[in-house]
Every structure is written in structure tokens, then in C-alpha cells.
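> model this:
(chains A and B)
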Number of protein chains: 2
Amino acid sequence: MIKDNTVFVGNKPVMNYVLAVVTQFNNGAQEVAIKARGKAISRAVDTAEIALNRFLEGVNKKEIITSTEVIDTDSGKTNVSSIEIILSSDGIGEKIIS
Amino acid sequence: MIKDNTVFVGNKPVMNYVLAVVTQFNNGAQEVAIKARGKAISRAVDTAEIALNRFLEGVNKKEIITSTEVIDTDSGKTNVSSIEIILSSDGIGEKIIS
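Numbers count the residues shown, from 1 in each chain, chains lettered A, B, ... in the order given. Just a heads-up that it's a prediction; the model follows:
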């Protein structure tokens, strides 16, 4: 089973997002993308670090991408930084499941 | 002139750090590392994005590294996420200066 999933990190407690990431890998995802914008970026990094250090075996950081997104607000357009952290299993998870 | 420099991002306004990064490239640095921990991580991403999009020509993101650091506090040891964003000029800056 191949699933490529995304977890959007917002203002909830970090363990909510860690659980979401771990669950997706346990459900057979080979890659999970953790995305966040603005001040949630630091929580996205926390999510990835906690998931990798405490919960996930055989999963690594594959890529970290930062970019700038233009957002429409009431007072016009604003630039917001965003981050995407892609975690990838090296196939061990897949083998166990298939 | 080769200089590899680091800008530590903390709680000051983001433009302070953007100015620090731009200044280091203008002084001949070929690589500048932007580092931050904890909640300052999102400001570090802002710093890199603003510096690249608005001020720096011929400079790219070379690497983004996230890690976990163990910090001693009054109430024991805590884990803190950290980020390091390495910006690199492609040699154009160096040629102009030398």
C-alpha cells in the first residue's frame, strides 16, 4: 500500500501533529510531508524532530523546503514563509506491511 | 576573500537579521549560516526568504538542517529543535571582489 500524505501544522499542541505523522506511517505511508506557515513553522520542526527521535524507526528526513507564499488578507496581500519537511521510510515499513 | 559566517536569529525584528546576512555577503562571505532554536525558527526562515527574495542576487539556499539540541535549564534538561539554513553565493560575489 502506497500513500503519500500531508500533515498541516497549525496552532494545536505539537503532540497532535506527531500522532498524525506516526499514524500515517503506521498505515503504510512511505512519505509524509509536514507543512506549516508563519509562526507554526517552529512547531513543524518540533513535530518532525519528535516523531523521528521518539517514535519512528527506519524513517528519515528526505528533504526540507522553505518558500514564500503570497496570502490575501483584508488589508491586502502579505508574504508568509512556509516550510515543507518530507519524511521518508527507507522501505522497511513497506516490507513489513506487504 | 573567503569568510564563512553565522547569523544567530533570536527575538529581535526580522529585518535586523536580514541586514546582518546581507552585510556578510556584501563583505565577501561565500556562505552564511542562519541558525535559530525554538520559536525563533520561523523567524530564521523569514530571514532567509526575505534576504533571498528582496536583497541578494546570485545567492541560493544550499542546505537546510534541522536537529534537536539538549539544553540545561533550572528544571532539568529539555529538548529544543533547531534549524540551520545555509545560504551560498555561486561564486559571482567572489569574482567581483577579488
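> got the contact list for stretch A:71-78?
Residues outside stretch A:71-78 that contact it (C-beta atoms under 8 Å, 6 or more residues apart in numbering or on different chains): A:70, A:79-80. C-beta here means a position set from N, CA and C on the backbone, and glycine is covered the same way.
> tell me which parts of chain A are close to chain B?
Within chain A, the positions adjacent to chain B are A:38-42, A:45-46, A:48-49, A:53, A:61, A:64-68, A:79, A:81, A:83, A:85 by C-beta under 8 Å from any C-beta of the partner chain.
> Just the buried subset of those residues, please.
A:38-42, A:45-46, A:48-49, A:61, A:64, A:66, A:68, A:81, A:83, A:85 (16 or more other C-beta atoms under 10 Å in any protein chain shown).
> Tell me which two in those are the farthest apart.
A:E49 and A:T68 (23.5 Å; C-beta to C-beta).
> which residues of chain A score low on pLDDT?
A:1-4, A:91-98 (pLDDT under 70).
> for it, what spans make up the helices?
A:14-26, A:41-50, A:92-97 (DSSP state H).
> just to revisit the earlier point, out of the contacts of stretch A:71-78, which is nearest to chain B?
Lowest distance from chain B to these (C-beta to the nearest C-beta) belongs to A:N79, with 7.6 Å.
> Find the residue closest to the closest one in space, skipping its chain neighbours.
Nearest residue to A:N79, sequence neighbours excluded (C-beta to C-beta, 6 or more residues apart in numbering or on different chains): A:T68, at 5.2 Å.
> what sits against the spatially most central residue of chain A?
Against the mean C-alpha coordinate of chain A, by C-alpha atoms, centre = their mean, the closest residue is A:I34 at 1.5 Å. By C-beta under 8 Å, 6+ apart, the contact set of A:I34 is A:6-7, A:9, A:17, A:21, A:44, A:47-48, A:84-87.
> could those residues be laid out in JSON lines, adding distance to A:Q30?
Formatted as JSON lines, the contacts of A:I34 follow (distance: C-beta to C-beta, whole Å):
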{"residue": "A:T6", "distance to A:Q30": "13"}
{"residue": "A:V7", "distance to A:Q30": "15"}
{"residue": "A:V9", "distance to A:Q30": "20"}
{"residue": "A:Y17", "distance to A:Q30": "19"}
{"residue": "A:V21", "distance to A:Q30": "13"}
{"residue": "A:A44", "distance to A:Q30": "20"}
{"residue": "A:T47", "distance to A:Q30": "18"}
{"residue": "A:A48", "distance to A:Q30": "16"}
{"residue": "A:E84", "distance to A:Q30": "16"}
{"residue": "A:I85", "distance to A:Q30": "15"}
{"residue": "A:I86", "distance to A:Q30": "11"}
{"residue": "A:L87", "distance to A:Q30": "10"}
